[in-house]
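Undergrad: coords please:
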Amino acid sequence: MNDQPESPLQAPRGCPVAHHAAELTRLYGPEAATDPGGIYERLRKEHGSVAPVLLEGDVPAWLVLGYRDTRRVLDNPRQFSRDARIWRDWTQGRVEESSPLIPMLGWRPDCVSQDGEPHRRLRSAVTDGLQAAAVRGIRRHATHFANKQIDAFAATGRADLVTDYAEYLPMLVLSRILGLPEAEGRDLVESCAQVLKGGEDALAHNDRIVAILGALAERKRTEPGGDFTTALLGHAAGLDEEEVVSHLRLVLIAAHTTTSNLLARVLQLILTDTARLSGLISGQLNISGVVEEVMWNSPPLAVLPGRFAAGDLELGGHQIQEGDLLVLGLAAGNVDPEIRPDTGVSVQGNQAHLAFSSGPHECPGQGIGQSIIEIAVDVLLHRLPGLTLAVPPDELTSTASTWESRLDSLPVEFPA
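TA: Modelled structure (predicted):
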C-alpha cells in the first residue's frame, strides 16, 4: 500500500485534473499580468519553496520558488529531465496540440529538449557557432545598430527606449549573427514577443518564425557565409535540416527576448537613479555591475520552462510524481529570503544569480547578450548627453506573462 501523500497535480484515478483547478493559483490572467511578484510571495507563504500552480489552459505544474531547490532541479537532469516526451499531461492527452504552452514546453529536436549524449552533441554545435560569431565582431555589430537606432530619433529630443531601442537593437545584432536580412529581423520582433506572451496567437507566430528560418537555412546551403546558420549546417555534429532550423529558432527567441528585456530593465535602473547615471557617464561606475544587479532583481525570464520529473521524488516538502511538470521561478529564487534575507544589500561581484539558468542547460550565449547591453548603454549615453526620464519613475509600468515581466515603455527626453 502506498501511504505517500497524493500530489496536488495528480488527479485521482478516473477523475480529470481539472477537478482540482479551483484549488490552485493561476500564473496567467489579470493578477499575474500586473503583480507576479505578489503571487510568488503568497505562494511561498502558503506552500514553501515549491507550489502547485496552473498554467494557460489550466495545465497543472509545480512552481519552484526556492533558490536551493531551483539549483537542485537545474543541476540534476537524471531526476528532472528537459525531455517533454515524459510529460504526463501531454502523453495522456490533457494538453492540446494547439496550446500556447507548446512553443515553450513542447519537445523539438534541439539541445534544450534533450539530456545526456544527444544534448551534448547538439549543444556543441550551438556553442561552437556562437563562439565563432562572437569572434567575428559582436561589439562592432552592436555599435553599428545602436547608432542606427539612435539616428532615427536623435533629432526629435524625445524617445521611448523600449519600443525605439531595446526591442529592436538585440534582434538586429542577432539577425547579423544568423545571416538574416535586416528587414526580416525587424519583422520577427513581434513574433518572438508573442511566443513568450502566449495566448491564441502564440502558435501562429511560432510557425512564422520557423518558416522564415527554414528559408534562411535553405539559402545558406547554397550561399554559405560567415554566420551562425552556416556554422550549424557545416558542423561536425552533423545536424539534419530539422535540427538546424530548431536551433536557429531557439537562439533567436531566447537571445532576443532575454536581451531586449534585460536591456530595458538596465536602462530603467540607470534613468531612475541619478547616482548610477552620473557614475556611468563619469566612468566611476562600470556598466557590468549594473547589469549584474538587474539580473538578481529583475531577471529577463521570471519563470523558466520547464523540467519533467523522471521518477517519484520529494522536493521542497512535496511529493512530486513521475511525469509532473516543473517550472522554475528564477525571479522568486533570486529573492529567496533563505539566501537573501535583505535584498537591499549590494550584490556587486556576486554572479550566483539564476538569470542564466544553471547546470548542463545554462545559457551558452550569455556573453553575447551582455556585450550587446554594455555597448547599447555606452553608445546611448555618449550620443545623448543630458538624457533624462520624461515621466516620474512611479509612472513606469510593466506587463507580465507566465514567463516574463516586460517594461511597457521608458519615455525619455534630451537636447535635440
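Undergrad: Can you spell out which helices and strands pack onto the strand or helix carrying Leu277?
TA: Leu277 belongs to helix 274-282 when assigned by DSSP states H and E. When contacts are defined as 3 or more CB pairs under 8 Å, 6 or more residues apart in numbering; DSSP states H and E, helix 274-282 packs onto helix 241-271, helix 287-297, helix 366-383. For glycine as for every other residue, the C-beta is placed from the backbone atoms N, C-alpha and C.
Undergrad: Quick one: these as CSV, columns for mean neighbour count and mean pLDDT too.
TA: Putting the helices and strands packed on helix 274-282 into CSV (neighbours: other CB atoms under 10 Å; pLDDT from 0 to 100) gives the following:
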stretch, mean neighbour count, mean pLDDT
helix 241-271, 23, 96
helix 287-297, 19, 93
helix 366-383, 20, 94
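Undergrad: rewinding a little: quick check: buried residues in the helix holding Leu277?
TA: Neighbour-count burial for helix 274-282, counted by 16 or more other CB atoms under 10 Å, picks out 276-277, 279-280.
Undergrad: Which members of these are the farthest-apart pair?
TA: Leu277 and Gly279 (7.2 Å; CB to CB).
Undergrad: Any idea which of the helices and strands packed on helix 274-282 gets closest to His144?
TA: helix 366-383 (9.6 Å).
Undergrad: now for the closest one, which elements pack on it?
TA: helix 116-135, helix 138-151, helix 169-178, helix 241-271, helix 274-282, helix 287-297.
Undergrad: Out of those helices, flag the one nearest Leu43.
TA: Here helix 287-297 is closest among these (CB to CB), at 19.0 Å.
Undergrad: Which secondary structure elements does the closest one sit against?
TA: helix 241-271, helix 274-282, helix 330-334, helix 366-383.
Undergrad: so where is the stretch 1-150 of the chain shaky, pLDDT-wise?
TA: The model of the stretch 1-150 of the chain has pLDDT under 70 over residues 1-22, 135.
Undergrad: in it, which spans are helices?
TA: Here the stretch 1-150 of the chain has its helices, by DSSP state H, counting those that start in this stretch, at 30-34, 36-47, 67-75, 88-91, 102-105, 116-135, 138-151.
Undergrad: how about a markdown table for the ones you listed, with mean neighbour count added?
TA: Shown next, in a markdown table, are these (neighbours: other CB atoms under 10 Å):
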| stretch | mean neighbour count |
| --- | --- |
| helix 30-34 | 14 |
| helix 36-47 | 17 |
| helix 67-75 | 21 |
| helix 88-91 | 19 |
| helix 102-105 | 21 |
| helix 116-135 | 17 |
| helix 138-151 | 18 |
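Undergrad: want to throw the ones you listed into JSON lines with distance to Leu315?
TA: As requested, those are exported to JSON lines (distance: least, CB to CB, whole Å):
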{"stretch": "helix 30-34", "distance to Leu315": "23"}
{"stretch": "helix 36-47", "distance to Leu315": "11"}
{"stretch": "helix 67-75", "distance to Leu315": "6"}
{"stretch": "helix 88-91", "distance to Leu315": "16"}
{"stretch": "helix 102-105", "distance to Leu315": "19"}
{"stretch": "helix 116-135", "distance to Leu315": "21"}
{"stretch": "helix 138-151", "distance to Leu315": "38"}
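Undergrad: Identify whichever of the ones you listed lies nearest to Val244.
TA: helix 116-135 (8.7 Å).
Undergrad: how much distance is there from the closest one to the middle of the chain?
TA: 19 Å (CA atoms, centre = their mean, to the nearest Å).
Undergrad: quick thing: my sequence starts at 15, can you match it?
TA: Yep, numbering from 15; the last one is helix 130-149 now.
Undergrad: If you count contacts, what does that helix end up packed against?
TA: helix 242-247, helix 255-285, helix 380-397.
Undergrad: coming back round to it: out of the helices and strands packed on helix 288-296, nearest to Glu237?
TA: Nearest to Glu237, of the helices and strands packed on helix 288-296 and by CB to CB, is helix 255-285 at 14.9 Å.
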